[in-house]
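Student: Sequence first, predicted model second:
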Amino acid sequence: MKFKIFILAFLFSFYHLCLFAQGEKKLLISITNTSSENFLQQVISIPWKNIISKYPLIDTSYFRVVNVKTKKEIPFQLEYAGKSAIQNLLIQADVQPKSFLKIYIQKGQPSTVVSKTFCRYVPERKDDFAWENDKIAFRMYGKALEGTKEDAYGIDVWVKRTDKLVLNERFKRGEYHIDHGDGMDYYHVGHSLGAGNMAPYVNDSIWYSKNYEQWRVLDNGPLRSTFELSYGAWDVAGRMVKATKKISLDAGSQLNRVEVNYSYTGSDSLSVVAGIIKRKEKGTMLLDELQGIMGYWEPAHGTDGTTGTGCIFLSPVVNMKVTGLQLLTQLSAPGNAGLIYYTGAAWDKATVITNAEDWFRYLQSFRAKILNPLKIKME
């Protein structure tokens, strides 16, 4: 009888121990950098389905991400990518070359994460769509500006020298061309692709679309903002083409990830170009067809400083060339499938990237990180 009581007591204790262990469960994740690149303040994407498979009872409103070594909390974002269910867990952390980072996901009230990215439709400024992170800002032009003397076709750059989000304040002030201590808008786009926009290229001509017609925000910070712009059909050498452009900007990054989807009939592919406007004064260029890097360090814009712009292409490059107006990279866009590339800018007055050598090195390092992504393992 005593033996039976002992067994029951043991089972009861074991049962409660299991419940306690389940309540205190931690999911250990190892993030390894096998490259020689330094992943500093990198936004790292961890598939949510992988987390759920190991931690099915996770409470999405009550968990923390912790650095195993330092015991410090790591900022995170739940990415939906425009869907109703969570797609990825985004964290921002450092991973040194040839090293690894171990993190725990565990129960607990997470700290508030300061937003480092932001995007929005700006109806009060003629249908602009603007976006920024803690490094740089951009905008695209909408229908209200179409056909006016202010109209432009490319991506505009708003330089920054603060890690704070400034778009709303700048639009409210309306003094875009004055530096109030946080940067300004002195970048000129005009009838060009600006800072890395893309358009069809047929018969040695760029076939610019009209301005975007619809917009949709897929995620809006704090670590990644993603939105989609849709363009109505326009004539490209006798055939009608439509386009959508999905743009993502991560905290800490100078470059956007751009996914362009062209819809058309008549062939299996469409010739396109991405372009960077060139200034009249002498600047410094990098045209590396083999590596798929197009970079430009502009001449100084008076006392406003100097802007660097650049693009990185993962698809095979047909050719790169320089015209009187812009630097161009030609590629082939598959029908009804996304073409992904990266484009962005930097400003010397932000005091991080201050010359052409720094900027081109940044582009080369960025490409190396894309090709050698961090390896994630659930433990």
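Tutor: Looks like it arrived, so ask away.
Student: alpha carbons only for contacts and neighbour counts from here, please
Tutor: OK.
Student: Run through the stretch 1-150 of the chain and note the low-pLDDT ranges.
Tutor: 1-24 (pLDDT under 70).
Student: Helices of that one, residue ranges please.
Tutor: Counting by DSSP state H, counting those that start in this stretch, the stretch 1-150 of the chain has helices at residues 2-23, 48-54.
Student: Touching the last one from outside, list them.
Tutor: Going back to what we said before, that points to helix 48-54. With contacts defined as C-alpha atoms under 8 Å, 6 or more residues apart in numbering, helix 48-54 is touched by 27, 58, 86-89, 378.
Student: Same question for stretch 72-83.
Tutor: Here stretch 72-83 makes contact (C-alpha under 8 Å, 6+ apart) with 64-67, 86-93, 111, 113, 217-219, 221-224, 226.
Student: repeat that with 7 Å
Tutor: Around stretch 72-83, the neighbours that count as contacts under C-alpha atoms under 7 Å, 6 or more residues apart in numbering are 64-67, 86-92, 113, 218-219, 222-223.
Student: for that stretch, which positions count as buried?
Tutor: Neighbour counts over stretch 72-83 (16 or more other C-alpha atoms under 10 Å) mark 73-81 as buried.
Student: do the same with stretch 46-60
Tutor: Buried, per 16+ other C-alpha under 10 Å, within stretch 46-60: 46, 48, 51, 55, 58.
Student: Pick the one among those residues closest to T343.
Tutor: I46 (23.4 Å; C-alpha to C-alpha).
Student: Could you double-check that that closest one lies in contact with L90?
Tutor: Yes. Counting by C-alpha atoms under 7 Å, I46 sits close enough to L90 to count as a contact (6.3 Å).
Student: before we move on, back to that, counting only strands, which of the buried residues of stretch 72-83 make the cut?
Tutor: Applying DSSP state E to the buried residues of stretch 72-83, the entries found in strands are 76-79.
Student: Which neighbours in the sheet does the helix or strand hosting K377 have, and how are they oriented?
Tutor: Following DSSP states H and E, the helix or strand that holds K377 is strand 375-378. Paired neighbours of strand 375-378 in the sheet (DSSP bridges): strand 26-33 (antiparallel).
Student: re the thing from before, output the ones in strands among the buried residues of stretch 72-83 in JSON lines; the columns should cover distance to A243.
Tutor: Below are these laid out as JSON lines (distance: C-alpha to C-alpha, whole Å):
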{"residue": "F76", "distance to A243": "32"}
{"residue": "Q77", "distance to A243": "29"}
{"residue": "L78", "distance to A243": "28"}
{"residue": "E79", "distance to A243": "24"}
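Student: partners of the strand or helix carrying D219 in the sheet?
Tutor: For D219, the host element (DSSP H and E) is strand 214-220. Strand 214-220 pairs in its sheet with strand 224-236 (antiparallel), by DSSP bridges.
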